[in-house]
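*Asks:* below: sequence and its predicted model.
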Amino acid sequence: MWGDTLLIVFISICTALLGEGLTWLMVYRTERYQKLKAEVEKQSKRLEKRKETHGDTLDKQQKKKIEREEDRLKQNNRDLSFVKMKSMFAIGFAFTALLSMFNNIFDGRVVARLPFLPLTWIQGLSHRNLPGDDYYDCSFIFLYILCTMSIRQNIQKLLGFAPSRAASKQGNSLFGPAPGQFK
Amino acid sequence: MSTKTKSGERNGSVKTVELSVWSRAFTANSEWPDKEEFLDVIYWARQILGIILGIIWGIVPLKGFLGLALFVLINAGVIYFYFSSFQNVDEEEYDGAWELTKEGFMTSFAGFMVTWIIIYSGLYYSGDEDL
């Protein structure tokens, strides 16, 4: 069973690298992206500092300034997401094709044995396309998703492509609120 | 996590010797002027811890809900101990203990699951395989 599991880890490392490589080609290396990213980071840090010092103030002028900066940051974040969107669609399509190919290769194959019984709503994923009712059996897709969750983010962080914490804390992206906003 | 060892010649005037991130991470009560740096230390410590726990859980082998619950407890506990007792950082600077406790948790959890599943199935389930 090592063979299949290690192959899946290898596949997800390759797809993560491929995804980041493609994004670099289409987005990260463009001047527009770099400019916007630097701007968003600078603004987020400035805003955070301003909020720290004037956060509880009742001074209307300061409040207005904070609001104005927040709006500007939101606008920049929106632009940044828009720049990213093009490549995200391209990568999305490529990966859907790749995933269906791997799904076919591993169709009906138990790739691992789970040391726990997954929750009912996860069983659909962990037992996808597998014969029998033994829910301890693990399908390709479940292990692949777990691998991707850990490997992709770590690779992004290692390569320095992950969005900075200040930016993701302060800004709204096009795709919903950033983590850490609901405190 | 970049290993910056500045010898103090930046800007030509500053002569203080800054310790590298590595040595500060292993030294109690270190100074963390850059918040991002400390959060990175927490993040990577968590990833390594997740993989180590995954290997141990797979070899033992720990199974079921107990394995998951123990992982969450130990992972959160060790990190909490690290920043509150070992490094003694001011939690409020980082928007509270909760922010630090959840830094990189999901990625660490995924890494833990992958290693746990791989080691467990490799060691205890190879015999049945003829697929």
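*Replies:* Now that the structure is in, tell me what you want to look at.

*Asks:* B:E36 is in contact with A:E41, correct?
*Replies:* No - at 10.6 Å, A:E41 and B:E36 do not qualify as touching, with contact defined as C-beta atoms under 8 Å. For glycine as for every other residue, the C-beta is placed from the backbone atoms N, C-alpha and C.

*Asks:* before we move on, which element is A:L125 in?
*Replies:* According to DSSP states H and E, A:L125 maps onto helix A:120-126.

*Asks:* still on that earlier bit, which of A:E41 and B:E36 has more neighbours?
*Replies:* Neighbours were counted for A:E41 and for B:E36 using other C-beta atoms under 10 Å in any protein chain shown; A:E41 has more, 18 against 12.

*Asks:* residues in contact with A:L17?
*Replies:* Contacts here follow C-beta atoms under 8 Å, 6 or more residues apart in numbering or on different chains; on that basis A:L17 touches A:I155.

*Asks:* measure it to B:G111 for me?
*Replies:* When distance is defined by C-beta to C-beta, to the nearest Å, A:L17 is 17 Å away from B:G111.

*Asks:* what residues of the longest helix along chain B count as buried?
*Replies:* Of all the segments assigned as helix in chain B under DSSP state H, the longest by residue count is helix B:35-59. Across helix B:35-59, burial judged by 16 or more other C-beta atoms under 10 Å in any protein chain shown covers B:37-47, B:49-51, B:53-54, B:56-58.

*Asks:* what are the pairing partners of the helix or strand that the helix holding A:L125 is followed by, and which direction each?
*Replies:* Downstream of helix A:120-126, the first helix or strand assigned by DSSP H and E is strand A:137-138. Here strand A:137-138 is paired, per DSSP bridges, with strand A:112-113 (antiparallel).

*Asks:* what about the residue lying closest to B:L70 once chain neighbours are set aside, how many neighbours?
*Replies:* Among residues not flanking B:L70 along the chain, B:L62 sits closest, at 6.7 Å (C-beta to C-beta, 6 or more residues apart in numbering or on different chains). B:L62 has 18 neighbours, counted by other C-beta under 10 Å.

*Asks:* what does the one 3 residues further on give?
*Replies:* Residues lying near B:F65 (other C-beta under 10 Å) number 9.

*Asks:* list the contacts for it?
*Replies:* Contacts here follow C-beta under 8 Å, 6+ apart; on that basis B:F65 touches A:F116.
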